[in-house]
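Chemist: Need coordinates for the below:
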Amino acid sequence: MSYVSELMERVIRRNPREPEFHQAVHEVLESLQPVIDRHPEYISSGVLERIVEPERQIIFRVPWVDDQGKVQVNRGFRVQFNNAIGPYKGGIRFHPSVNLGIIKFLGFEQIFKNSLTGLPMGGAKGGSDFDPRGKSNGEVMRFCQSFMTELYRHIGPDTDVPAGDIGVGRREIGYLFGQYKRIINNFEGVFTGKGISWGGSLARPEATGYGTVYFIEEMLKAKGDSIKGKTITISGYGNVGTYFIEKANQLGAKVVTIADEFGYVHDSEGIKGEKLNMLMDLWCVYRRPARAYADQFGLPWVEGKSPWEIPCDIAVPTATQNELKKEDAEKLIANGCKCIAEAANMPCSAEAVELCLKNNILFGPAKAVNAGGVSVSGLEMSQNSMRYSWSFEEVDAKLKDIMVDIYRKSSEAAREYGMEGNLVVGANIAGFTKVADAMMAQGIV
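Modeler: Predicted coordinates for the structure are as follows:
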């Protein structure tokens with residue numbers, strides 16, 4: 001049995017019933033085989049054994065009082081995975097599906113995503129099984145204050161800098177940051193994704209969606225093509241989806257779907273103008289289902305199915321893990337899709353990814369494609385440290401440069417190790433080697 005296979009077995013044995021974490025680790029380890037063959041020092045120094053084990057796992061109780069005066073109890077998590085190249089950095093997710101395995105998978109992915117940005121940020125992730133949907137502002141505030149009353153002792157601007165994720169937007173970040181500031185009596189850049197008037201960065205809400213478009217443009221440019229004139233299907237319609245649509249529209253593409261866990265709507269004319277204006281607040285402000293978009297504009301709602309059955313040139317899953325499965329990939333390929341870009345965290349199943357690569361589909365992996373959000377979070381950290389703010393245009397230009405550089409590094413790493421065009425392998429190798437070299441330089445810690 002190979003070293004990688006033995007290590008993978010050990011990961012599964014030590015982390016039972018955590019399939020998403022197993023999937024994320026397997027993808028990375030499988031990609032790293034040629035690197036290990038060329039650099040046996042990574043084995044002798046135990047880099048891989050250390051990188052798959054979180055440096056710290058924090059689990060805590062979150063009691064809060066609902067509007068009826070009843071005490072509710074949720075569970076909170078923060079997994080600080082690796083800080084070899086900078087303070088821990090990664091979002092907080094509030095969703096009923098959150099458990100330790102989900103947070104570990106997200107934190108593990110964050111190590112390499114943050115490395116690819118070129119900014120000094122380590123990998124972490126956090127969250128709770130709390131569901132903000134249907135909750136009043138008061139309930140969300142009380143939950144966030146309780147959550148932060150425990151979390152505050154584990155974070156700081158040079159220790160661990162959280163941000164938002166699914167279920168954690170500007171409102172939740174405001175309540176979390178306010179409680180942190182209240183407890184420590186200090187105004188510091190401990191959160192990113194903050195409001196512009198209290199330390200946030202311009203272009204942060206747009207960053208993941210815009211960054212995804214910039215990365216797709218680089219993939220297509222390498223093939224002598226562009227996004228202009230392309231028909232695109234997406235899933236989610238939060239910050240990532242809506243700002244992806246906005247930038248795709250600006251570059252001449254047409255986005256024709258949105259979806260949630262209940263079904264999808266197909267808008268063959270494209271989501272633009274007043275439709276996009278309505279969509280901007282649908283989830284991010286009102287937490288309303290995707291069907292509300294269909295009802296508003298008299299469009300058919302397809303219950304219980306995914307948007308990947310709609311013919312398109314480019315598919316962009318923007319919602320959650322493993323939402324695009326092998327059978328979805330088969331439909332996309334059969335309908336002529338030429339490019340898939342993961343704008344969410346590991347939204348394609350391992351079988352779907354394998355099928356796309358076998359069929360020479362242009363495939364952009366999540367840790368590269370959706371790195372725009374954390375890139376601008378890193379820029380927000382820099383602005384907070386300087387007590388200074390860049391203009392929207394300055395931040396957007398820096399974001400585009402970072403995304404172009406991520407594509408370049410991923411492409412060159414794949415070529416160097418004999419797998420030209422395989423950006424999954426390239427992104428894993430490029431992200432890993434920077435972290436691994438830093439770990440070796442710092443000794444056994």
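
Chemist: how would you label the spatially most central residue of the chain: helix, strand or coil?
Modeler: Nearest to the geometric centre of the chain sits residue 345, at 4.4 Å (Cα atoms, centre = their mean). At residue 345, secondary structure determined by DSSP: H, G, I helix; E, B strand; the rest coil is coil.

Chemist: Would you map the strands across the stretch 251-400 of the chain?
Modeler: In the stretch 251-400 of the chain, the strands defined using DSSP state E, counting those that start in this stretch lie at 254-255, 257-260, 263-266, 301-303, 314-316, 339-341, 362-364.

Chemist: Mind splitting the protein into its structural domains?
Modeler: Domain segmentation of the chain under automatic domain parsing yields 3-186, 207-360.

Chemist: rewinding a little: with distance to residue 408, mean neighbour count and mean pLDDT added, can I get the strands of the stretch 251-400 of the chain in CSV?
Modeler: Quick note: C-beta positions are derived from backbone N, CA and C, even for glycine. Below are the strands of the stretch 251-400 of the chain laid out as CSV (distance: least, Cβ to Cβ, whole Å; neighbours: other Cβ atoms under 10 Å; pLDDT from 0 to 100):
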stretch, distance to residue 408, mean neighbour count, mean pLDDT
strand 254-255, 26, 22, 98
strand 257-260, 31, 26, 96
strand 263-266, 34, 21, 97
strand 301-303, 39, 14, 97
strand 314-316, 21, 29, 98
strand 339-341, 16, 26, 98
strand 362-364, 13, 23, 98
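
Chemist: what would the ones you listed look like in CSV with distance to residue 121?
Modeler: Shown next, in CSV, are the strands of the stretch 251-400 of the chain (distance: least, Cβ to Cβ, whole Å):
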stretch, distance to residue 121
strand 254-255, 30
strand 257-260, 30
strand 263-266, 34
strand 301-303, 39
strand 314-316, 24
strand 339-341, 22
strand 362-364, 21
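
Chemist: Out of those strands, flag the one nearest residue 148.
Modeler: Comparing these by their distance to residue 148 (Cβ to Cβ), the top pick is strand 257-260, with 28.2 Å.

Chemist: For the stretch 151-300 of the chain, which segments count as helices?
Modeler: Taking DSSP state H, counting those that start in this stretch as the test, the helices found in the stretch 151-300 of the chain are 170-184, 207-221, 239-250, 274-282, 291-297.

Chemist: Name the residues that touch the third one?
Modeler: By that I understand helix 239-250. Residues outside helix 239-250 that contact it (Cβ atoms under 8 Å, 6 or more residues apart in numbering) are 169, 205-210, 212-213, 227, 232, 234-235, 254-255, 258, 270-272, 276, 279-280, 284, 316, 318-319, 343-344, 370, 373.

Chemist: about what we covered before: can you say which of the helices of the stretch 151-300 of the chain is nearest to residue 437?
Modeler: helix 207-221 (24.6 Å).

Chemist: in terms of contact, does residue 268 touch residue 256 like I think?
Modeler: Yes - with contact defined as Cβ atoms under 8 Å, residue 268 and residue 256 form a contacting pair (5.8 Å).

Chemist: ok so, going back, deepest in the core, which of the helices of the stretch 151-300 of the chain is it.
Modeler: helix 207-221 (a mean of 25; mean count of other Cβ atoms under 10 Å).

Chemist: what packs against that helix?
Modeler: The contact analysis (3 or more Cβ pairs under 8 Å, 6 or more residues apart in numbering; DSSP states H and E) places helix 207-221 against helix 239-250, strand 314-316, strand 339-341, strand 362-364, helix 366-369, helix 372-386, helix 392-416.

Chemist: of those, which approaches residue 27 most closely?
Modeler: Per Cβ to Cβ, nearest to residue 27 of the helices and strands packed on helix 207-221: helix 366-369, 9.5 Å.

Chemist: Which neighbouring elements make contact with that closest one?
Modeler: Here helix 366-369 touches helix 100-116, helix 207-221, helix 392-416, helix 423-441, going by 3+ Cβ pairs under 8 Å, 6+ apart.

Chemist: Kindly present the ones you listed as a markdown table, with separate columns for mean pLDDT.
Modeler: Shown next, in a markdown table, are these (pLDDT from 0 to 100):
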| stretch | mean pLDDT |
| --- | --- |
| helix 100-116 | 98 |
| helix 207-221 | 98 |
| helix 392-416 | 98 |
| helix 423-441 | 98 |
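
Chemist: who wins for proximity to residue 145 among those helices?
Modeler: helix 100-116 (20.8 Å).

Chemist: For stretch 383-396, C-alpha coordinates in PDB please.
Modeler: This file holds the C-alpha atoms of stretch 383-396, laid out as PDB (Å, rounded to 0.1, in the frame of the first residue of the first chain):
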ATOM      1  CA  GLN A 383      -6.800  48.200   5.300                       C
ATOM      2  CA  ASN A 384      -7.700  47.700   9.000                       C
ATOM      3  CA  SER A 385      -4.000  47.500  10.000                       C
ATOM      4  CA  MET A 386      -3.300  50.700   8.100                       C
ATOM      5  CA  ARG A 387      -6.400  52.500   9.300                       C
ATOM      6  CA  TYR A 388      -7.000  53.300   5.600                       C
ATOM      7  CA  SER A 389      -9.500  52.400   2.900                       C
ATOM      8  CA  TRP A 390      -8.900  51.800  -0.800                       C
ATOM      9  CA  SER A 391     -11.500  52.800  -3.400                       C
ATOM     10  CA  PHE A 392     -13.800  50.200  -5.000                       C
ATOM     11  CA  GLU A 393     -11.800  50.400  -8.200                       C
ATOM     12  CA  GLU A 394      -8.500  49.800  -6.400                       C
ATOM     13  CA  VAL A 395      -9.800  46.800  -4.500                       C
ATOM     14  CA  ASP A 396     -11.500  45.400  -7.700                       C
END
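
Chemist: and that stretch, how far from the chain's centre?
Modeler: The chain centroid and the centroid of stretch 383-396 are separated by 22 Å under Cα atoms, centre = their mean, to the nearest Å.

Chemist: How about stretch 326-341?
Modeler: From the chain centre to the centre of stretch 326-341 is a distance of 21 Å (Cα atoms, centre = their mean).

Chemist: And for stretch 25-43?
Modeler: That offset, for stretch 25-43, works out to 23 Å (Cα atoms, centre = their mean).

Chemist: sorry, back to before: any chance of the helices of the stretch 151-300 of the chain in CSV, plus distance to residue 350?
Modeler: CSV is the format used below for the helices of the stretch 151-300 of the chain (distance: least, Cβ to Cβ, whole Å):
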stretch, distance to residue 350
helix 170-184, 31
helix 207-221, 21
helix 239-250, 22
helix 274-282, 31
helix 291-297, 30
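
Chemist: How about the contacts made by the nearest residue to residue 339 once chain neighbours are set aside?
Modeler: Nearest non-adjacent residue to residue 339, counting by Cβ to Cβ, 6 or more residues apart in numbering: residue 362, 4.0 Å away. Residues in contact with residue 362 (Cβ under 8 Å, 6+ apart) are 219, 220, 223, 338, 339, 340.

Chemist: Residue 229 is in contact with the second one, correct?
Modeler: No - distance between residue 220 and residue 229: 11.0 Å, which falls outside the contact criterion (Cβ under 8 Å).
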